[in-house]
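Student: Need coordinates for the following:
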Amino acid sequence: MTRPTSAWTLIRRAGTALITLGALTFAIAGPAGAGSVGDSEPAEAPPGANLWECRPTADHPRPVVLLHGTMSNQNSWDGLSPELAADGYCVFTLNYGKDPTSMMGAMGMYATSDIPTSARQVGAFVGRVLQSTGADQVDVVAHSQGGVVARQFLKFEGGANAEDPSRNKVRNLITLGATNHGTTMSGMSELAKRIPPMVGVAEGVAGKASVQQLVDSPVITALNSGGDTMPGIDYTVVASRNDSISTPPEATFLAAGPGATVENLWIQDLCAADHSDHIALATSPTAAYIVRKALDPSFSADRCSGK
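Tutor: Next up, the predicted model:
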């Protein structure tokens, strides 16, 4: 017979949850988000990005849109953006989803706002990229929450057309540590179920997007209802065994539905020496190799160094 949970145990769990939330807040922000904290001006585009006069070539006909993760900004791509630009791609980035009602959003951190709202913002940006470049489609590379925002855009905000995939606005989606099926956040999701007021506390500190990425959230449930993928999209999904934020790490992997392809990859299977955690996936040379190979199958380089 199961003994009822005591009030003291619930209080202790609530305290643990608050500590976990605080730790995760700054862990997620980490080096990538630190530059945005308290900034009065939005983070500028990384090198090689947002050159609006850029025109796609026959070798690289689709612009590449880079989407940052939770509590981060477009400076997450200071490494990958110039590499892709040097490869000949038109590269575009944006800061999306600031929630000024949350503590982290008020401090200047992006990707804190409601995920459906962020998806609409990304959709408008993709439309601008297509109009400016004259391209028919883009490829998207997304880190962490960026993968969920991209998939929300595909499914609900006009990014993909299930009836006529030739009208899709996206051809390839490459995700790095995306919270595709939600995250347990090291037990935070279970505590939120047991102590409902924790959800409000989490939203007030970290923003709506953090709570919406928890396992079984309404946003995650709706996103994956009816299948993980959209027809006409090629998905490359990258996970790290050292990821302690998008947990369990394998929950990022997708199952291919009709008309879609999926390649699920552990970064350590390509380079055993790559110990990237969640944050480092955005700057990992191995992840960059995977991205460049997914965008151009003829690309060749060392898997660990990308050189």
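
Student: Closest to the centroid, which residue in this structure?
Tutor: residue 146 (2.4 Å; CA atoms, centre = their mean).

Student: What sits closest to residue 87 if chain neighbours are left out?
Tutor: Excluding the flanking residues, the one nearest residue 87 by CB to CB, 6 or more residues apart in numbering is residue 292, at 6.5 Å. In this view, the C-beta of every residue, glycine as well, is placed from N, C-alpha and C.

Student: Residue 293 and residue 163, how far apart?
Tutor: Between residue 293 and residue 163 the distance is 31 Å, computed by CB to CB, to the nearest Å.

Student: of those two, who's got more company?
Tutor: residue 293 (19 against 6; other CB atoms under 10 Å).

Student: ok, the residue nearest to the centre of the chain touching residue 115?
Tutor: No. Counting by CB atoms under 8 Å, residue 146 stays clear of residue 115, with 10.4 Å between them.

Student: which stretch of helix or strand covers the residue nearest to residue 87?
Tutor: Assigned by DSSP states H and E, residue 292 belongs to helix 285-295.

Student: now residue 263
Tutor: Per DSSP H and E, residue 263 falls inside strand 261-266.

Student: and if you look at residue 95?
Tutor: Using DSSP H and E, no helix or strand contains residue 95.

Student: That one touches residue 42, doesn't it?
Tutor: Yes. Between residue 95 and residue 42 there is a contact at 5.0 Å, judged by CB under 8 Å.

Student: Which of those two has more residues huddled nearby?
Tutor: Set residue 95 next to residue 42 and count neighbours by other CB under 10 Å: residue 95 wins out with 20 against 14.

Student: separation between the more buried one and residue 213?
Tutor: 18 Å.

Student: Likewise for residue 236?
Tutor: Relative to residue 213, residue 236 is positioned 20 Å away (CB to CB).

Student: now residue 157
Tutor: Counting by CB to CB, the gap from residue 157 to residue 213 is 18 Å.

Student: any idea of the pLDDT on the closest residue to residue 116 other than its chain neighbours?
Tutor: Spatial nearest neighbour of residue 116, excluding adjacent residues (CB to CB, 6+ apart): residue 152 at 6.0 Å. pLDDT for residue 152: 99.

Student: residues contacting residue 267?
Tutor: 238-240, 274, 276, 281, 284, 286-287, 290 (CB atoms under 8 Å, 6 or more residues apart in numbering).

Student: Isn't residue 277 up against residue 239?
Tutor: No. Look at residue 277 against residue 239 with CB under 8 Å: they stay out of range, at 11.5 Å.

Student: more crowded one of those two?
Tutor: Set residue 277 next to residue 239 and count neighbours by other CB under 10 Å: residue 239 wins out with 26 against 17.

Student: May I have the phi/psi pair for that one?
Tutor: Backbone dihedrals for residue 239, given as degrees, to the nearest 10, come out at phi -130, psi 160.

Student: dump the residue contacts of it.
Tutor: Taking CB under 8 Å, 6+ apart, we find residue 239 in contact with 177, 246, 249-250, 252-253, 264-267.

Student: Quick one, which of the residues you listed are buried?
Tutor: Listed as buried from the contacts of residue 239 are 177, 246, 249, 252-253, 265, 267; burial here means 16 or more other CB atoms under 10 Å.

Student: what's the farthest-apart pair in the residues you listed?
Tutor: Farthest pair in those (CB to CB) is 246 and 265. Separation: 14.4 Å.
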